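1. Okay, predicted coordinates and the sequence, questions at the end:
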Amino acid sequence: MALPTLTPEQRQAALEKAAEARAARAALLAKIKSGELSFSDLLARDDEITKKTKVSQALRAVKGVGPAKATALMEQAGVDANRRIGGLGAQQRRKLVDALS
């Protein structure tokens, strides 16, 4: 399936929308990093920015969790490396929160 041809205005609007989403996601991850928002609180949120954030990015934003530990936690919980928060099941969420406690 070929991608639709966008007008310059449509392309610019799409680029602006993507930049806004990246900025919102960065702000969300900064809240986790600063301790203002806990990982369990993040999983309880139901907004689109949270749902589209990768689990690995969110775990790495937690203080004391680096790439290796994030990968290990995800493997323990049975979470795929590319999974986003919106795609997590209740049991996976519980396992991740318990592992960070």
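-> Done, it's in.
2. who's in contact with residue 74?
-> Listed by Cβ atoms under 8 Å, 6 or more residues apart in numbering, the contact set of residue 74 reads 55-56, 59, 80-81, 83, 96. (C-beta placed from N, C-alpha, C; glycine too.)
3. swap the cut-off to 7 Å and go again
-> Contacts here follow Cβ atoms under 7 Å, 6 or more residues apart in numbering; on that basis residue 74 touches 55-56, 59, 81.
4. Tell me how far the residue nearest in space to the middle of the chain lies from residue 72.
-> Geometric centre of the chain, nearest residue: residue 53, 2.1 Å, by Cα atoms, centre = their mean. Taking Cβ to Cβ, to the nearest Å as the measure, residue 53 and residue 72 are separated by 20 Å.
5. what do you get for residue 4?
-> For residue 4, the distance to residue 72 (Cβ to Cβ) stands at 41 Å.
6. Of those two, which one has the most company?
-> Neighbour count, other Cβ atoms under 10 Å: between residue 4 and residue 72, residue 72 has more, with 13 against 6.
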